[in-house]
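*Asks:* just coords:
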């Protein structure tokens with residue numbers, strides 16, 4: 001059973017994901033459908049453009065990360081993204097080329113399938129509060 005805090009984070013992650021997804025799907029539609037750019041190329045471009053919004057909003061709003069170890073966090077975020085993108089591209093190939101589903105329907109299904117994978121990886125890897133605790137300031141007030 002999820003704790004209340006985790007449920008709130010999951011809900012926030014859903015809405016942040018929604019904003020990122022609108023950017024992702026909108027660009028994918030524009031590139032793949034309207035401009036007839038290959039669906040895999042369109043997938044990568046749209047996905048990368050939505051990442052800035054996804055990282056920033058999840059860091060500040062969803063997980064309230066105050067870590068100043070931004071390089072490490074972005075590195076972990078990138079690792080999760082590579083995992084997500086690899087799964088997404090593999091599933092997209094299967095859905096479009098093997099099962100013959102429409103590109104946009106495939107995109108919707110894949111997003112739903114990978115939602116909980118993404119949340120779990122970001123919560124426990126990218127924005128893990130135990131790993132990114134700020135150093136405790138030493139008190140100048142000594143009590144003997």
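*Replies:* Sure, I can see it. Quick caveat: nothing in here was measured; it's all calculated off a predicted structure.
*Asks:* Contact partners for residue 38?
*Replies:* Residues near residue 38 by CB atoms under 8 Å, 6 or more residues apart in numbering: residue 32. Backbone N, C-alpha and C define where each C-beta goes, glycine included.
*Asks:* Mind pulling the model confidence for it?
*Replies:* On pLDDT, residue 38 comes in at 95.
*Asks:* Give me the phi and psi angles of it.
*Replies:* Torsion angles at residue 38 (phi, psi; degrees, to the nearest 10) stand at phi -50, psi 140.
*Asks:* What separation do you get for it and residue 7?
*Replies:* Separation of residue 38 from residue 7 (CB to CB, to the nearest Å): 40 Å.
*Asks:* what stretches of this structure score poorly on pLDDT?
*Replies:* Scanning the chain for pLDDT under 70 picks out 1-2, 132-144.
*Asks:* One more pass at 80, please.
*Replies:* The chain contains residues with pLDDT under 80 at 1-2, 130-144.
*Asks:* Could I get the full set of helices for it?
*Replies:* 4-28, 39-57, 70-93, 103-121 (DSSP state H).
*Asks:* deepest of the ones you listed, which one?
*Replies:* For the helices of the chain, the largest average neighbour count (mean count of other CB atoms under 10 Å) is found in helix 39-57, namely a mean of 18.
*Asks:* So what touches it?
*Replies:* Contacts for helix 39-57 (CB under 8 Å, 6+ apart): 16-17, 19-21, 23-28, 31-32, 37, 74, 77, 81, 85, 88-89, 92-93, 96, 103, 107.
*Asks:* again, only using 7 Å
*Replies:* Contacts with helix 39-57, where a contact means CB atoms under 7 Å, 6 or more residues apart in numbering, come from 16, 19-20, 23-24, 27-28, 31-32, 77, 81, 85, 88-89, 92, 96, 103.
*Asks:* Kindly reformat the helices of the chain as JSON lines containing distance to residue 130.
*Replies:* What follows is the helices of the chain, written out as JSON lines (distance: least, CB to CB, whole Å):
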{"stretch": "helix 4-28", "distance to residue 130": "14"}
{"stretch": "helix 39-57", "distance to residue 130": "20"}
{"stretch": "helix 70-93", "distance to residue 130": "13"}
{"stretch": "helix 103-121", "distance to residue 130": "15"}
